[in-house]
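**Q** Just to be clear, the model below is a prediction. Sequence and coordinates:
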Amino acid sequence: MTHARQQHTIQVVAHRGASEDAPEHTLAAYVKAIEDGADALECDVRLTADGHLVCVHDRRVNRTSNGRGAVSALELADLAALDFGGGKDPDESPDWRDREYTSVLTLERLLELVADAGRRVELAIETKHPTRWAGQVEERLIELLGRFGLTEPPPGTTSAVRVMSFSGRSLHRIAAAAPAIPTVYLMQFLSPRLRDGRLPAGSRIAGPSVRIVRNNPAYVDRLHRAGHRVHVWTVNSPEDVELCAGLGVDAIITNRPKQVLSQLGRL
């Protein structure tokens with residue numbers, strides 16, 4: 001492939017882990033992503049009824065587990081009793097036969113995995129909204145990141161964690177409480193008020209969908225000229241990877257980290 005405008009290494013971010021190969025948001029998916037060489041791991045977080053942050057995308061667990069109900073109405077023990085194998089064939093990977101690999105994953109456990117990875121692996125954490133726990137999600141997140149020493153990077157280094165959201169209010173809360181943590185404003189559609197490259201207050205990185213990039217490729221340049229990095233989601237097809245590489249985006253968020261790394265010539 002050609003990289004006419006690629007002057008830097010594009011970060012490859014594993015969306016919900018290596019979620020094409022393993023059940024999303026499970027330990028199996030994140031272990032696979034680290035083994036595949038992903039630069040960063042993306043996860044969604046929700047707050048349980050008893051105050052634990054868990055990696056679950058949907059408001060309810062019906063789609064991704066063998067249980068039912070809203071995450072916010074369930075306690076961690078309730079979620080721990082469920083299987084989040086998500087219909088993937090356990091025979092494809094011996095690890096999936098171990099209950100630990102398909103049980104609900106807490107953010108704390110994911111942070112431990114990253115800390116023990118043996119190399120720098122960054123974490124992109126998305127807060128989900130709306131939620132009955134407005135404000136409490138961000139408070140709990142900052143407290144947990146502080147315990148791992150991630151709210152303030154060591155001198156001379158860049159942050160190994162960033163917080164993403166479609167909610168500008170959520171990012172504003174994060175920026176106010178922990179200004180050293182980069183924030184990513186996610187966009188499903190391009191708002192007319194943001195077409196010139198501006199981002200909402202408290203947002204430092206642009207997170208457009210790949211659909212926005214396909215339909216408005218010049219938008220990436222406008223964002224860069226406005227001083228913003230550009231992290232694009234969810235980029236899975238070779239054609240979209242080629243497009244993003246040619247436009248010089250800063251990060252590709254994908255369900256297929258190994259394949260994307262290979263296409264970018266890094267494997």
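**A** Noted; the coordinates are in hand.

**Q** what about the spatially most central residue of the chain, helix or strand, and which?
**A** Centroid-nearest residue in the chain: Glu42, 2.2 Å away (criterion: Cα atoms, centre = their mean). Assigned by DSSP states H and E, Glu42 belongs to strand 40-47.

**Q** okay, that strand in PDB with CA atoms only?
**A** Listed next in PDB are the C-alpha coordinates belonging to strand 40-47 (Å, rounded to 0.1, in the frame of the first residue of the first chain):
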ATOM      1  CA  ALA A  40      -3.800   0.800  22.700                       C
ATOM      2  CA  LEU A  41      -7.000  -0.800  24.000                       C
ATOM      3  CA  GLU A  42     -10.400   0.800  23.800                       C
ATOM      4  CA  CYS A  43     -13.200   0.000  26.300                       C
ATOM      5  CA  ASP A  44     -16.600   1.300  27.300                       C
ATOM      6  CA  VAL A  45     -17.400   1.700  31.000                       C
ATOM      7  CA  ARG A  46     -20.600   1.700  32.900                       C
ATOM      8  CA  LEU A  47     -21.200   1.900  36.600                       C
END
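
**Q** Adjacent strands (with direction) for that strand?
**A** Next to strand 40-47 in the sheet, as set by DSSP bridges, lie strand 11-15 (parallel), strand 53-54 (antiparallel), strand 122-127 (parallel).

**Q** Let me know whether the residue nearest to the centre of the chain touches Thr254 as I believe.
**A** No. At 9.2 Å, Glu42 does not count as touching Thr254 under the criterion of Cβ atoms under 8 Å. Glycine gets a C-beta too; all of them are placed from N, C-alpha and C.

**Q** any residues in contact with both of the two?
**A** 13-15 (Cβ atoms under 8 Å, 6 or more residues apart in numbering).

**Q** Which one of the strands paired with strand 40-47 lies nearest to Glu242?
**A** Closest to Glu242 of the strands paired with strand 40-47, according to Cβ to Cβ: strand 11-15, at 14.2 Å.

**Q** before we move on, back to that, give the contact list for the residue nearest to the centre of the chain.
**A** 13-16, 124-126, 164, 233, 253.

**Q** Tell me the one of these nearest Phe84?
**A** Nearest member of these to Phe84, counting by Cβ to Cβ, is Arg16, at 11.1 Å.

**Q** pLDDT value on Asn255, please?
**A** pLDDT recorded at Asn255 is 98.

**Q** right, and it touches Ala22 too?
**A** No. Counting by Cβ under 8 Å, Asn255 does not reach Ala22; the two are 10.1 Å apart.

**Q** Where does the prediction get shaky in the stretch 51-200 of the chain?
**A** 87-97 (pLDDT under 70).

**Q** which residues of it fall in helices?
**A** Under the criterion DSSP state H, counting those that start in this stretch, helices of the stretch 51-200 of the chain are mapped to 76-80, 107-115, 136-147, 168-177.
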